[in-house]
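A.B. asks: my questions concern the predicted model and sequence given below.
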Amino acid sequence: MKNILNYLTAKSAKILTQSLISLRALRFVFACLAVTLASCNEKKAEEAQEEEKETTEVALTESQYKTVGIETGIVEDRNLNKVIKANGYTTVPPQNSAEVSTLIGGTVKDIFVLEGTYVNKGKVLATIQNLEVIEMQEDYQSAVANVEFLQLEYNRQKTLSEENVNPRKTFQEVKAKLAAERARAQAAKNKLDALHVNTKGATSVVPIVSPINGFVGKINIAKGAFANTGVSLFEVVDNSQMHLDLNVYEKDLGSISVGQVIDFVLTNQSNKSIKGKIFGINKSFSNESKTVAVHARIDPADAKGLIPGMYVSANINITNATVPALPKDAVVRNADKYFVFVQEEGHAEEKHEHKAGEKEEAHEEEIHFKAVEVIPGTTDLGFTEVKFVDKIDSQSKIVTKGAFYLLSAMKGGGEHSH
């Protein structure tokens with residue numbers, strides 16, 4: 001019996017010992033897994049940082065640096081002529097454009113001009129016929145004849161009244177009739193003058209005349225057609241006082257003033273720059289786009305060949321200002337952002353590991369550059385105003401030549417391979 005007890009005690013101790021060993025082994029496995037996971041996370045974080053670094057940095061060997069012709073410089077304070085860009089169109093003052101119509105309807109008899117013809121003020125553009133004009137002439141001539149008769153009667157009645165031969169009432173009646181006929185004659189004459197019809201004779205022809213000097217634009221009538229009143233028959237435009245209507249946004253209004261010089265080009269003919277000068281600024285918004293019309297006069301010598309309605313792109317020259325600037329080739333665009341490349345200092349020569357027995361090769365020192373985001377401003381005289389999104393050292397070396405090559409290298413995979 002004692003032997004059996006001893007056996008069971010030894011067996012239990014052995015099982016307990018094995019359980020403790022298994023528990024310790026399990027704990028060791030879990031510890032190893034935790035260390036492995038932590039290492040993987042650290043490795044992934046390092047890879048992410050390295051990937052991010054590669055997308056904003058690029059490195060060149062000294063030979064590549066010389067071949068590309070990289071040049072560096074520092075940000076300089078430059079006196080740049082700031083400009084505000086605006087779009088608009090050519091136009092003429094209201095008094096230099098006319099829509100010619102008729103005061104009386106009629107059938108078009110003759111047309112004497114073509115589109116593009118230059119005409120002087122008073123030039124007959126066309127004629128129309130209306131029989132009512134003959135009645136107007138008759139009314140005028142009848143009124144004039146009555147005035148002549150009543151004038152004689154007035155003089156006679158005045159003499160008789162002064163001698164107390166006739167009652168004064170008779171004289172007053174003749175005086176009133178004379179005044180009425182004079183008014184009727186003047187009204188008939190005013191109608192004929194407005195129609196540019198002679199008061200003498202009897203004609204049914206009404207001339208359509210140009211109210212200004214200028215070029216005939218659209219012709220909206222045809223021979224034999226009926227011309228209605230209030231309908232434009234001809235368009236005449238005087239281009240000698242051509243000016244621009246530019247649309248300037250609300251945020252730029254504070255910088256605009258009368259007298260500023262502008263440079264503009266025709267949107268569809270950008271090979272020639274023309275100058276103008278601001279002479280007026282509207283005091284209300286033109287439309288829902290929150291723009292204000294700015295008017296600029298064009299020199300008559302430069303206005304030749306321009307016609308109303310031509311679209312233009314203009315630069316309004318604002319007063320000079322001293323701003324931080326770089327040569328315009330230093331600023332490159334990537335997607336919707338702008339960058340410059342800053343040369344990074346303190347990069348030691350790269351170290352390369354070699355296997356045992358492998359012959360060690362000479363490796364060139366690398367020059368590293370980092371893309372730094374900027375906000376470009378005015379460009380003038382080959383320099384562009386720059387504002388850095390993140391502040392950098394004022395003495396940092398910035399690539400002024402070869403920035404586009406660095407951008408291509410960065411987008412193509414970052415650092416070179418060995």
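C.D. replies: Perfect, I can see it now. These numbers were taken from a predicted model, which means no experiment stands behind them.
A.B. asks: which parts of the helix or strand encompassing Y89 are buried?
C.D. replies: When elements are assigned from DSSP states H and E, Y89 belongs to strand 76-91. Residues of strand 76-91 classed as buried by neighbour count (16 or more other C-beta atoms under 10 Å): R78, L80, K82, V83, I84, A86, G88, T90, T91. C-beta coordinates here come from the backbone N, C-alpha and C atoms, glycine included.
A.B. asks: show me how far the helix or strand that comes right after it is from its chain's centre.
C.D. replies: Toward the C-terminus, strand 76-91 is succeeded by strand 97-100 as the next helix or strand (DSSP H and E). Remark: strand 97-100 is offset 28 Å from the chain centroid, using C-alpha atoms, centre = their mean, to the nearest Å.
A.B. asks: let me know the pLDDT of the closest residue to D110 other than its chain neighbours.
C.D. replies: In this structure, D110 finds its nearest non-sequential neighbour in T127, 4.9 Å apart by C-beta to C-beta, 6 or more residues apart in numbering. Note on T127: pLDDT of 95.
A.B. asks: give the contact list for T127.
C.D. replies: V108, K109, D110, V205, V206, P207, I208 (C-beta atoms under 8 Å, 6 or more residues apart in numbering).
A.B. asks: circling back: which of the buried residues of strand 76-91 sits closest to V372?
C.D. replies: Using C-beta to C-beta, R78 is the member of these that sits closest to V372, with 19.0 Å.
A.B. asks: residue contacts, the closest residue to that closest one other than its chain neighbours?
C.D. replies: Nearest non-adjacent residue to R78, counting by C-beta to C-beta, 6+ apart: A325, 4.0 Å away. The contact partners of A325, by C-beta under 8 Å, 6+ apart, come to V75, E76, D77, R78, L80, F383, T384, E385, V386.
A.B. asks: can you list the buried residues in the helix or strand containing E385?
C.D. replies: Assigned by DSSP H and E, E385 belongs to strand 383-388. By neighbour count on 16+ other C-beta under 10 Å, the buried set for strand 383-388 is F383, T384, E385, V386.
A.B. asks: got it, and stretch 166-174?
C.D. replies: F171, V174.
A.B. asks: just the CA atoms from the strand or helix carrying A296 would do, formatted as PDB, please.
C.D. replies: Here A296 sits within strand 291-298, counting by DSSP H and E. Extracted in PDB, the C-alpha atoms of strand 291-298 (Å, rounded to 0.1, in the frame of the first residue of the first chain):
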ATOM      1  CA  THR A 291     -17.100  91.800 -60.700                       C
ATOM      2  CA  VAL A 292     -17.000  95.500 -61.200                       C
ATOM      3  CA  ALA A 293     -16.500  97.100 -64.700                       C
ATOM      4  CA  VAL A 294     -13.300  99.100 -65.100                       C
ATOM      5  CA  HIS A 295     -13.100 101.300 -68.100                       C
ATOM      6  CA  ALA A 296      -9.800 101.900 -69.900                       C
ATOM      7  CA  ARG A 297      -9.200 104.300 -72.800                       C
ATOM      8  CA  ILE A 298      -7.100 103.100 -75.800                       C
END
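A.B. asks: please work out the average pLDDT along it.
C.D. replies: pLDDT averaged over strand 291-298 gives 92.
A.B. asks: give me the contact list for it.
C.D. replies: Strand 291-298 has contacts (C-beta under 8 Å, 6+ apart) with 86, 88, 90, 241-250, 253, 256, 262, 264, 274-282, 284-286, 306, 314, 316.
A.B. asks: show me the contacts for G73.
C.D. replies: L326, P327, A330, K397, I398, T400.
A.B. asks: can you tell me how far it is from F149?
C.D. replies: Counting by C-beta to C-beta, to the nearest Å, the separation of G73 from F149 is 100 Å.
A.B. asks: then S63?
C.D. replies: Relative to F149, and taking C-beta to C-beta, S63 is found at 115 Å.
A.B. asks: the more surrounded of those two?
C.D. replies: F149 (12 against 9; other C-beta atoms under 10 Å).
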